[in-house]
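[1] structure for the following, please:
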Amino acid sequence: MSLIALASLDATACSYPEPPPFSEALSGATSVFVFRVEGTQLKRKDLPGEAYSEWVEASIRVVETLKGTPSVARVVSFSTGRCGGLRLDSGHYFLAAVAINASRIALMPADQSVVDITDEYAEGDPEATDNAGFIPVVRHAIAGAPLPPGFPSPSLVHRSLQVGAPPTPCDR
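    Numbering: from 1, shown residues only. Presented below is the predicted three-dimensional model:
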């Protein structure tokens, strides 16, 4: 098999529905909160034959609620696979914009409802958090103001993506 054929197989082997952008997640969210990942654990479920499924469960601590009743979330589950895998590192802070208030949140491939805001959030220091600019924009959007164009930046969204979406096949 040629190298081109292998590349083509790799690109088509990874597919998932395009996740809604953060702006859609935020506008449809009934619960918006900041959480810190306290720890992670790899989980595995054996399937028939030699097959298995793996995912990560992150234990979280809700730090601040921006919208809705205080979140009861304690666990976020996600995949770290090469196809739409996510990266939620221990010790990092994330903003979640979700339509549920449950103790367990299951993220989809390349989910953009959770954004790594570690560099934009200072727990216990609201002035530093406000000066970083991210949380004030979200607060204004929750109050009805439009999000600035391109918010959040692609680099911010991609912090929590393990591997981005597969490349678009070339036109022939």
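[2] centre-most residue in this protein?
    The centre of the chain sits closest to residue 114, judged by Cα atoms, centre = their mean, with a distance of 3.3 Å.
[3] which ones are touching that one?
    76, 86, 88, 94-97, 107, 160 (Cβ atoms under 8 Å, 6 or more residues apart in numbering). C-beta coordinates here come from the backbone N, C-alpha and C atoms, glycine included.
[4] residue 141: which of the residues you listed is nearest?
    residue 97 (9.6 Å; Cβ to Cβ).
[5] contacting residues around residue 72?
    Shown in contact with residue 72 (Cβ under 8 Å, 6+ apart): 101-103.
[6] which of the residues you listed count as buried?
    Neighbour counting over these (16 or more other Cβ atoms under 10 Å) leaves residue 101 as the buried ones.
[7] the residue nearest to the centre of the chain and residue 127, how far apart?
    Using Cβ to Cβ, to the nearest Å, residue 114 is found at 25 Å from residue 127.
[8] swap in residue 101?
    Residue 101 is 29 Å from residue 127, by Cβ to Cβ.
[9] what does residue 141 give?
    21 Å.
[10] now residue 91
    Residue 91 is 22 Å from residue 127, by Cβ to Cβ.
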